[in-house]
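> Got a predicted structure plus its sequence, pasted below:
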Amino acid sequence: MNLKLSLPPQEGHVAVEIRPAETDRWLSNLPVLNAAETSHQIFTALSGLNRRLLDDKTRVKLLELYRGPVRAVCQEQRKLYVGAPLPLPDKTKLVSQRVRQFQEEMAYGYKRVVMGYTAKDRLTTGDKTELALVIQRAIGYLTEALAKSFELYAPSPEGTWREIHHLYRLAEIEGITEVPVPDRLNDAVAHSSVSHVYKTALLLDFSDPYHLPARMLEKIQRYLDAHAPLAELSLVTEALRRDCQFLVNLDNDRAGVMNIPNTPITTEAQYRLLTTVELARVVHQQLNALQAGQQPEVAGLDKDFFRQQGIEMLLRLITSWGVNPKRLFPRNDSPAARFEVATGIEAIRFCVNGGVEFEPSTNEVGPQPRRTAIGGQPPPAHTGAETAGKYPIAVWDVLDESAGGFSLGKSKVHGGQVRVGDLIAVRLAGGDAPWSIAMVRWARATSADDVEFGAQRLAPGGQAVGVMPLTPPADKPLAALLLPEVKPLRQARTLVTPRGFYKPNGRLILDDGYRSHLMQVTRLVNVTGSFEQFQFAFVDGA
């Protein structure tokens, strides 16, 4: 196989420690409390190692020593930018770039050893075992480089997918895709394989990562540590499924394509099928258990793994790996339009309440009349000045729009603006149109200061309300939104609250400003890092 991999040039005498015992001692004595200095020292040494002439066996020993410290410094530095709004400040952006460069440097080291094995005329059994390890590591670190791009909603490094495919193809040719590889950095299983990490890479890409909250990506990677083997990789067959199947071209610089029943069937050597029927079945079982208030137990994952973001993650994965929906509405370019955008439940409630703060009916739980509303005076009209302080309104350019959603863009963005999973309210700028409610589905930084994001419409409007748990008692209702029924879409009335209010069949107190009502949760509709949306029924018959 004529394997081509990107590698940095080598020099004969780069000043870097190459004795494994001394390297281990040096790495162990680095200042753990100074992440920036430790990161700089490790990166300098690692990049020097990748550019020095060295025998393959020594290189592998050294790379294995670097794996743990590299992961530790990257996990520490990721805290500075994961989940931060786009665009990132310059200093934070440099940190994020260094984290991705760490993955690329680790991949360089293992890819160089792979190239050494391809130069041999014949591989022994021991050679093949070692080759399985270095291919597994190379694919793993290339996948990490992709994941760091997904976290930043930035384009992935050119050529990464082509290298991942070709490394896997080499393992196929040598018959080593399923050779067990010890992997102490995989918390779910003691041994991985080339097939395992390759499926992980594919499934991570097929999880629609640019539409995911950044913090969820790492959770999905941990989930795949345990579940990736449930997916089946095979040669192309004559029968393509309508769902749970992805077509992979090993010669392309992309993961593959989904929704393939109408794709021309080909059995050429470079094509593979990834089938996720069994994986989707397990995801569905776990989702049903969570929605019933039970915690699924999975070997290799913490017992509390699903408590945070569990339902949200599984809802997204069953859509991505199961039945992938087609777009319901066509999108049209709207180059001249601009939207005012309010972000967050409190800001949105202020806007839909006419530009005034919401006043609960009473501090007591029960059906009390709203004392401040006896005269029946409507709230004052919203003005931009009223939201300029506590609830600022941003103006974005409309890139395209449909009945189901829209995408917006903005140049020279400064400060916190948008995160995937944010709840927003939008309306045409320059007028007094009503606000509609949407959620941010994807975002990307197109350049240093330019940001685009796409949003799904949830409702044509909303009512300002407050919500309180029955127990423990609360001092006052927290901000919430009542979204109306949308009959053409068969969409029931829903309540949007901050995270933590949804409990299966739980009961809450809803205050609409005139009366407080007892309600019971019936079905979860959406959950993100910033809000929950669920259907409900009034227990008091409201």
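Okay, I see it.
> where are the low-confidence patches of the protein?
1, 238-242, 259-268, 323-336, 362-389, 403, 412-416, 447-448, 488-489, 540-542 (pLDDT under 70).
> can you list the domains in it?
With domains defined by automatic domain parsing, the chain comprises 1-179, 206-326, 332-459, 463-538.
> Mind putting those domains into CSV with distance to Tyr198?
Placement of C-beta: from N, CA and C, glycine included. Formatted as CSV, those follow (distance: least, CB to CB, whole Å):
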stretch, distance to Tyr198
domain 1-179, 5
domain 206-326, 7
domain 332-459, 25
domain 463-538, 29
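> The ones you listed: which one's closest to Ser193?
Closest to Ser193 of those is domain 1-179 (CB to CB; 5.3 Å).
> Longest strand in this structure, by number of residues?
In the chain, ranked by residue count with DSSP state E as the criterion, the top strand is strand 516-527.
> From the contact counts, what lies against it?
If you count contacts as 3 or more CB pairs under 8 Å, 6 or more residues apart in numbering; DSSP states H and E, strand 516-527 packs onto helix 310-321, strand 507-511, strand 532-538.
> Ser195: which of the domains of the chain is closest?
domain 1-179 (4.4 Å).
> chain center to the closest one, what's the gap?
Mean C-alpha position of domain 1-179 versus that of the full chain (CA atoms, centre = their mean, to the nearest Å) differs by 22 Å.
> Partner strands of the longest strand of the chain, with direction?
Paired neighbours of strand 516-527 in the sheet (DSSP bridges): strand 507-511 (antiparallel), strand 532-538 (antiparallel).
> starting at the chain centroid, how far to it?
Once both centres are worked out by CA atoms, centre = their mean, strand 516-527 turns out to sit 26 Å from its chain's centre.
> circling back: His165 is nearest to which of the strands paired with strand 516-527?
In terms of CB to CB, the element of these nearest to His165 is strand 532-538, at 38.8 Å.
> Counting neighbours, what do you get for Lys219?
Per other CB atoms under 10 Å, the neighbour tally for Lys219 reads 18.
> Which secondary structure element is home to it?
Counting by DSSP states H and E, the element that carries Lys219 is helix 214-227.
> ok, now which ones touch the residue most central in space within the chain?
The centre of the chain sits closest to Leu212, judged by CA atoms, centre = their mean, with a distance of 3.3 Å. Residues counted as contacts of Leu212 (CB atoms under 8 Å, 6 or more residues apart in numbering) are Phe150, Ile220, Arg316, Val420.
> Next, the first one: phi, psi?
When you say that, I think you mean Phe150. According to degrees, to the nearest 10, the main-chain angles of Phe150 amount to phi -60, psi -40.
> Would you mind measuring from it to Asn252?
18 Å (CB to CB, to the nearest Å).
> more neighbours, those two?
Counted by other CB under 10 Å, Phe150 and Asn252 do not tie: Phe150 has more neighbours, with 20 against 13.
> Next, the residues that contact the helix holding Lys219 from outside, please.
82-83, 147, 150-153, 186-189, 199-200, 203-204, 207, 209, 212, 279, 282, 298-301, 305, 309, 312-313, 316-317, 419-420, 529.
> Leaving out the residues flanking it, which one is nearest to Gly109?
Leu63 (4.6 Å; CB to CB, 6 or more residues apart in numbering).
> if we can go back for a sec, counting neighbours, which bits of the longest strand of the chain end up buried?
Going by neighbour count (16 or more other CB atoms under 10 Å), the buried part of strand 516-527 is Ser516, His517, Leu518, Met519, Val521, Leu524, Val525, Asn526, Val527.
> just stretch 498-511 next, same as before
Pro498, Phe501, Tyr502, Leu508, Ile509, Leu510, Asp511.
> And what about Leu482, helix, strand or coil?
strand (DSSP: H, G, I helix; E, B strand; the rest coil).
> Now for the closest residue to it other than its chain neighbours: which residues touch it?
Nearest non-adjacent residue to Leu482, counting by CB to CB, 6+ apart: Gln463, 4.1 Å away. Shown in contact with Gln463 (CB under 8 Å, 6+ apart): Val352, Leu481, Leu482, Leu483, Pro484, Asp512.
> which among these gets closest to Leu30?
Leu481 (49.4 Å).
> who does that closest one bridge with?
With DSSP bridges as the rule, Leu481 is bridged to Ala464, Val496.
> Tell me how many other residues crowd it.
When neighbours are counted by other CB under 10 Å, Leu481 comes out with 26.
> Pretty sure it sits against Gly344.
No - here Leu481 does not reach Gly344: they are 10.8 Å apart, not a contact under CB atoms under 8 Å.
> hey, what's in contact with both of those two?
Common neighbours of Leu481 and Gly344 (criterion: CB under 8 Å, 6+ apart): none identified.
> Which residue ranges of the stretch 51-200 of the chain form strands?
With strands called from DSSP state E, counting those that start in this stretch, the stretch 51-200 of the chain shows them at 181-182, 191-192.
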